[in-house]
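Student: Below: sequence and its predicted model.
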2 protein chains.
Amino acid sequence: MDTLSEPVTATPTYADRDRDLDLRWWAAANYLTVAQIYLKANPLVRDALMPGDIKPRLLGHWGTSPGLSMIYTLLNRLIRDTGADYIYVTGPGHGGPALLANVYLEGTYSEVYPDISQGLDGLTALVRQFSTPGGVPSHVSVQMPGSIHEGGELGYALAHAAGAAFDHPDLTVACVVGDGEAETGPLAGSWKIPAFLNPRRDGAVLPILHLNGYKISGPTVLGRADDADVIALLAAQGWDPVVVAGDHPATVFTDLQRELAAAHARIRAIQQQAREPGAVAAAGTLRWPAIILRTPKGWTGPDVVDGVQIEGTFRAHQVPLSKVRENPEHLRLLERWLHSYQPETLFDNDGRLVPELAALAPDGDKRMSASPYANGGRLLHDLDVPALQRYALPVETPGVSSHENTQPLGQLLRDVYTASTRAQDGGGNFRLFCPDETASNRLAAVFEVTDRCLQAPVLATDDHLSPDGRVMEVLSEHLCEGWLEGYLLAGGHGMFATYEAFAMVSASMLIQHTKWLQHAADLPWREPVASLNVLLTSTCWRNDHNGFSHQGPGLIDTAIPLAPGVVRIWLPADANTTLSIADHCLRSRDHVNLIVVDKQPHLQYLTMDEATAHCAAGASVWDWAGTETASPERREEPDVILAAAGDTPTLEILAAAQLLRNWVPYLRVRVVNVVDLMALLPADDHPHGFNEQAFEDMFTRDTDVVFAFHGYPRAVHELLHGRVHPGRFHVRGFNEQGTTTTPFDMVVLNRMSRYHLVLEALRRSRRVPEKGLDLARHCEQMLARHHDYIRENFEDLPEVRNWTWTP
Amino acid sequence: MDTLSEPVTATPTYADRDRDLDLRWWAAANYLTVAQIYLKANPLVRDALMPGDIKPRLLGHWGTSPGLSMIYTLLNRLIRDTGADYIYVTGPGHGGPALLANVYLEGTYSEVYPDISQGLDGLTALVRQFSTPGGVPSHVSVQMPGSIHEGGELGYALAHAAGAAFDHPDLTVACVVGDGEAETGPLAGSWKIPAFLNPRRDGAVLPILHLNGYKISGPTVLGRADDADVIALLAAQGWDPVVVAGDHPATVFTDLQRELAAAHARIRAIQQQAREPGAVAAAGTLRWPAIILRTPKGWTGPDVVDGVQIEGTFRAHQVPLSKVRENPEHLRLLERWLHSYQPETLFDNDGRLVPELAALAPDGDKRMSASPYANGGRLLHDLDVPALQRYALPVETPGVSSHENTQPLGQLLRDVYTASTRAQDGGGNFRLFCPDETASNRLAAVFEVTDRCLQAPVLATDDHLSPDGRVMEVLSEHLCEGWLEGYLLAGGHGMFATYEAFAMVSASMLIQHTKWLQHAADLPWREPVASLNVLLTSTCWRNDHNGFSHQGPGLIDTAIPLAPGVVRIWLPADANTTLSIADHCLRSRDHVNLIVVDKQPHLQYLTMDEATAHCAAGASVWDWAGTETASPERREEPDVILAAAGDTPTLEILAAAQLLRNWVPYLRVRVVNVVDLMALLPADDHPHGFNEQAFEDMFTRDTDVVFAFHGYPRAVHELLHGRVHPGRFHVRGFNEQGTTTTPFDMVVLNRMSRYHLVLEALRRSRRVPEKGLDLARHCEQMLARHHDYIRENFEDLPEVRNWTWTP
């Protein structure tokens, strides 16, 4: 590949005076980092340090902190020099006290949390609150102004950074990647950003790979690799890395300042060239700047303690001096360590940062901690979601015509793309993320208005591919989910569509994002962001062509126990309910919406109006499908209730209802459809939970319910605890039986077929219908016929394949 | 880095005659691949192809298959030339029909599945069974002889390959990585094998990165990258890759044969040098061979169909000719395609592979499909697990002394290491895998006999690090889990220890491995393998120092719905129960054992003998902790039952029991401890499930149960469905409330503290004790005191911190 021939702007000079100021800011940040970890009083050690000043539990991570603060310091200078917009993604999120120190020093923290004011009282409050009960967590977390990235589970820093950069042409996301995190798979797979980042319309990501050599107790692979190999690793993936290394602060500051300035100039040069009118996309030929930074772990901390080397080793990872309250020698070392930063020269009499240092912080929203890009709700514009009627499928008679449930959704998303691009003046604030199945998921209508995104030359054999494409297909659930999370937290809208079974690949990320939103809800200064919408549309029941490894509805079980204020699980039965749910999800805020609906053709049941009402209710009695109306005692207790949640379960329940109606028409059967799974939870446990009356109106108090469920059956039992007589619910669902077989054989294998449901209903019905035995025999015969037929014909019985509802 | 200076053995000549034979084997494999996808009869197209010969559902993946078969063909030649042991890990596992074709051609398939015999009948059965109901799945799967890797979820091919190579010095694992899979995070993170593979004691991994340019519908990042970048990417991570590319079969065969032979010679040279007596480990200086192979997607298949280019594009991914039964033109194209391989020259009159081709297969167990390395149970030796008594903690009085529950386990594992190394003549068949927390998890005793493994120079600041170390620490849950899976399936034993919350990172891998074991149990030819033991020892309740992102017990919810024949969930309450459970798990076969126990100091309750009996039972009444004995009506119905599962829940339940005993001693309280969570499931649903009588003996029929649970409360409700009166179980557990706070504050936040449990017990008790209101007031007061105290002191109330059981 060629690199851009644009001349890079000459590096601005870095005067000694500036560097000394920066070193003092850094000293202040390091000082406050140590103070937070250790102190609960005497925050500027103006009195001799006493055991009573020390917290009883010493928590926090020192090792990575000085490096993080150095980068923060120099980015601040860069921002002031250039006026550019930067945010800071901290991969080593355990360096929470370092970020907190910088955010406090630049004033944002006191603006957001007035109790932690500038001055001595505020300093005391600052150090007291860190990692203490009722205080703030030890990581870079949602409570940290300027953060869009929780420091905890490692691997997603670069993915979040890229997501935030998409569609923000003026933003650069500085992303620190620790060498521990760099060992994870998701991070290793994240370096391919240059293949997807469009310099014309997107912002930039500036990775800073911070190698300090050790994890908790062992060395890291990259930390111990040669510079040449680390450089080659990044260079092979579209970067042009430089190495900054050392342990002499002034030298490292000088070197890093120069390289940051050069990187910034290079980013701007790339962007300017790409944004010139008529510029041809330099697809695949760019090399973006990146920095490899090697500094000692626990830099400026205790060198040797109790005769053991600390600085520069894994022993500096967390708290280098332990038992400080009990050990006078350690107390003395701590005091000396704190004084080494000369706090008396950094803070004035009142405990405020001295003016010449305070002046180093960028202004207002230019501060990374105050950037609206890191509080994306401030940038959020409502999506223009068109009226659904134009995509609605006509349904004259329920259960007669077939259609792919996701195909109209594709049309809706197409027009959402168009409206978003128009509203954003040619940019956009909506993207679809998907491993590589947008078309396979029947969402191909989006390709009428946009393409798949790849920064590479387009070949004749490619289908809807372009550097300007807005459909993000990458065969990595981690990248899809991580990019979308970053995109949402920086103010965008989107959807992640993937295989149901493989959604478990990024389940842990969904959990972490849910935790983020759960705690964000408690922070009034965090503006609401668009919901994380996960569409699972190659589901266990119709992955019969792919087989057992592709069959797993476990993400439902993962999501159920998470914050009820955040999580919603939707199981639409047909295309119009899918539209209604998608509309709701695209408009919602601060939720994690799981939408599970199959892409294969299914029978259609509800008109758009009916679907809207059904989705708003969360669950409804489908009168047209039951036989209560045929009985003179309508709305008396039914003899048995058939319930379904999900598309395939709905089909089987309706087929079962029809069998019952045909064979034992005098049986009072009620048919219930659940689209909002959380409706089953008690109202105290979830905002969508039906109250007792509504639940009993639907399920009565004691009628047995035969429940066909999309996922694992016991997930429904889990939800029903607390309901009246939960033992009367007899749930069939995916029971971990599968292989490459026919669609109907899948429901047979899992004992959720119409025939199994009828047999269960007959067994559970309040009245034993006379002809029940004949029907039971019929069901057994059909199951036997099915077994023989598919082995002979490799497809389902015609009466099953062609079954439709007869009104 | 320097490369080895050893001369590489001269490449053996590849005579034209040999190449032509190989091309004909390849034609046979390609032929059978197409035949499996399309045909249900007429398997050698000896009659004109008729619509009735075609399957009604066309399933399978053609695109990757010819490349997989070419590699298979040439590996066979290499094996015959060298006598070496190879197995084949197929990342693009959708190429199932290709693997099946080769495995059939070399005879193994008929040996394992006699119904699929050699000859015309067998061929008919072979093509009929593929992807049909009652037949075989379409992927490379557990049913495939020679496979240790399910083709489904992508990302783990190299991890599995490395796991299989560990401790098998004579084995080379040829691992094909598709360019789709190469896009995933876990695969991107897997290239670092050279940093962990020891040429002295381990076998080799030969990666073959197979670039055919496309995923399902879009290009791949590496498929579209320059050769130079792909080479640099691998070279930076310890490989020395060569490129083989082309679309002319004879040329590509010649090139690939040469490079495979050179790679083999290079591997042997590396190993010989490392294994010479007195050889110094060339740690970090090796470059292992690797091959980058570029061939067209759907090679040798239809070039253009309906005017659209197929070969070499994403359109060749699955079934290049659709609707063959209905479309006569497509039928004609299929017939021509099948005939293009000249099956009449490949199979004799009886439908058997002609002798000169059959002779190309390696002999017996040298066939990759028959290798014992891919049926690891054949190589499995029992672990020598020492008697537990020597590690047991003395417990004279329950609940008085404190100890880290995992520390004695570390001693046990230390001696398992020693015994395994001795039994394996200096090698070993046991390894511990862990992100980087072996010491932090209190398992540091293992470092008395072994080290952390890294193929890099050791520095003075390192702690227990060596290229020969047998503790595999890598900051990647995917690698830990994937390495262990490969290690187990190739005949080893091991354990994966990780943070409970971050176990969700690799949850999907655990699901896939469970599915593998579930289906393996149906295959008598698959010998049992050692269980997958997952130890979660930094748990939600004591990650209070790390905070909310580190707190999540969701893996329990993930595991519960999986195959009951495979999954076990263990919640030991103290060190001796942990030892007993670990002993059971290390001896077990074909299970996935989840062991959840915290590493922090906890009270100790049971002697070793008591622990063994308790674990064997799965759950017991702890008479010493209840007040039934104090009541004259012992073994009458208790007034209330307190139950616990997990260490922290046990502590809180016992503290609650003591409060009840002290304040309302006449209340009949029973205390139950559950160590085997699956005991709660009905006996019909899990082999460990208590039968009705045993369950009612423990929990009675209708006494209310206050249940403190380690994980999410509704997981217990899920298990209890089907039990008598499940609504009487009142479960407290982790309720997604957390932050950086004190241990006791964690149970308070989640309303599972002793005081909450007492209040619940009083509310639920059959009898309302007179002094109950006083006790309730005490509990409320203690909760209020706690709230104030921790905010002032940053640590728990002394009476909570120092609480012990009073007999």
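Tutor: Noted; the coordinates are in hand.
Student: Show me the helices in the stretch 151-300 of chain A, by range?
Tutor: In the stretch 151-300 of chain A, the helices defined using DSSP state H, counting those that start in this stretch lie at A:157-165, A:185-188, A:227-235, A:249-275.
Student: For B:Q737, see how far away A:S217 is.
Tutor: A:S217 sits 30 Å away from B:Q737, taking CB to CB, to the nearest Å as the criterion. Glycine gets a C-beta too; all of them are placed from N, C-alpha and C.
Student: more crowded one of these two?
Tutor: Neighbours around A:S217 and B:Q737, counted as other CB atoms under 10 Å in any protein chain shown, are more numerous at A:S217. The numbers are 22 against 18.
Student: List phi and psi for the more buried one.
Tutor: Backbone geometry at A:S217, expressed as degrees, to the nearest 10, gives phi -140, psi 0.
Student: Settle this for me: it is touching B:L465, isn't it.
Tutor: No. Contact criterion CB atoms under 8 Å: A:S217 and B:L465 do not qualify, at 9.4 Å.
Student: what's the overlap in contacts for the two?
Tutor: By CB atoms under 8 Å, 6 or more residues apart in numbering or on different chains, A:S217 and B:L465 have these common neighbours: B:R452.
Student: rewinding a little: possible to save the helices of the stretch 151-300 of chain A as TSV with mean neighbour count, distance to A:Q411 and mean pLDDT?
Tutor: Converted to TSV, the helices of the stretch 151-300 of chain A look like this (neighbours: other CB atoms under 10 Å in any protein chain shown; distance: least, CB to CB, whole Å; pLDDT from 0 to 100):
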stretch	mean neighbour count	distance to A:Q411	mean pLDDT
helix A:157-165	30	26	98
helix A:185-188	29	33	98
helix A:227-235	19	41	98
helix A:249-275	19	32	97
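Student: Now render the ones you listed as TSV, adding distance to A:N576.
Tutor: As requested, the helices of the stretch 151-300 of chain A are exported to TSV (distance: least, CB to CB, whole Å):
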stretch	distance to A:N576
helix A:157-165	31
helix A:185-188	37
helix A:227-235	49
helix A:249-275	42
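Student: Quick check: chain neighbours aside, which residue is closest to A:L233?
Tutor: Distance criterion CB to CB, 6 or more residues apart in numbering or on different chains; nearest residue to A:L233, sequence neighbours excluded, is B:A236 at 3.9 Å.
Student: give the contact list for that neighbour.
Tutor: Contacts for B:A236 (CB under 8 Å, 6+ apart) come out as A:225, A:229-230, A:232-233, A:236.
Student: and the residue of the stretch 501-650 of chain A at minimum distance from chain B, how many neighbours?
Tutor: For the stretch 501-650 of chain A, the residue closest to chain B is A:S549, as judged by CB to the nearest CB, at 2.6 Å. By other CB under 10 Å, 26 other residues sit near A:S549.
Student: Chain B contacts on the stretch 651-800 of chain A?
Tutor: A:712, A:714-715, A:717-719, A:721-722, A:725-727, A:736, A:739-742, A:745, A:790-791, A:793-795 (CB under 8 Å from any CB of the partner chain).
Student: Next one: A:L719 from A:L571, what distance?
Tutor: The value you get for A:L719 to A:L571, if CB to CB is used, is 12 Å.
Student: any common contacting residues for these two?
Tutor: A:L677.
Student: Skipping its backbone neighbours, what lies nearest A:T648 in space?
Tutor: A:W541 (4.0 Å).
Student: Next up, the contacts around that neighbour.
Tutor: By CB under 8 Å, 6+ apart, A:W541 lies in contact with A:551, A:598, A:646-648, A:710, A:734, A:743, A:746-747.
Student: do A:W483 as well
Tutor: For A:W483, the contact set (CB under 8 Å, 6+ apart) comprises A:159, A:162-163, A:166, A:433, A:472.
Student: Could I get these in CSV, plus columns for distance to chain B?
Tutor: Below are these laid out as CSV (distance: CB to the nearest CB, whole Å):
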residue, distance to chain B
A:A159, 9
A:A162, 13
A:G163, 15
A:F166, 17
A:F433, 13
A:M472, 10
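Student: what about the closest residue to A:L44 other than its chain neighbours, neighbour count?
Tutor: Leaving aside its sequence neighbours, A:L44 sits nearest to A:P343 (CB to CB, 6+ apart; 5.0 Å). As a burial measure, A:P343 scores 20 neighbours (other CB under 10 Å).
Student: A:P343 and chain B, how far apart?
Tutor: 23 Å (CB to the nearest CB, to the nearest Å).
Student: Just confirm that residue contacts A:N42, I think it does.
Tutor: No. Using CB under 8 Å, A:P343 makes no contact with A:N42, being 11.0 Å away.
Student: any residues in contact with both of those two?
Tutor: By CB under 8 Å, 6+ apart, no residue touches both A:P343 and A:N42.
Student: mind checking the backbone torsions on the nearest residue to A:D229 once chain neighbours are set aside?
Tutor: In this structure, A:D229 finds its nearest non-sequential neighbour in B:A236, 4.6 Å apart by CB to CB, 6+ apart. Dihedral angles of B:A236 (phi, psi; degrees, to the nearest 10) stand at phi -70, psi -10.
Student: domain assignment for chain A?
Tutor: In the assignment given by automatic domain parsing, the structural domains of chain A cover A:20-374, A:378-602, A:619-801.
Student: closest one to B:R766 among those domains?
Tutor: Among these, the nearest to B:R766 by CB to CB is domain A:619-801 (20.6 Å).
Student: Now do the end-to-end distance for that closest one.
Tutor: End-to-end distance for domain A:619-801, by CA to CA, to the nearest Å: 27 Å.
Student: and what of stretch A:38-52?
Tutor: 11 Å.
Student: Same check on stretch A:717-736?
Tutor: First-to-last residue span, stretch A:717-736, CA to CA: 17 Å.
Student: Find the nearest non-adjacent residue to A:F433, please.
Tutor: Leaving aside its sequence neighbours, A:F433 sits nearest to A:C480 (CB to CB, 6+ apart; 4.0 Å).
Student: do the same with A:T742
Tutor: A:D796 (4.8 Å).
Student: Look at that neighbour and tell me its secondary structure.
Tutor: Classification of A:D796 using DSSP: H, G, I helix; E, B strand; the rest coil returns coil.
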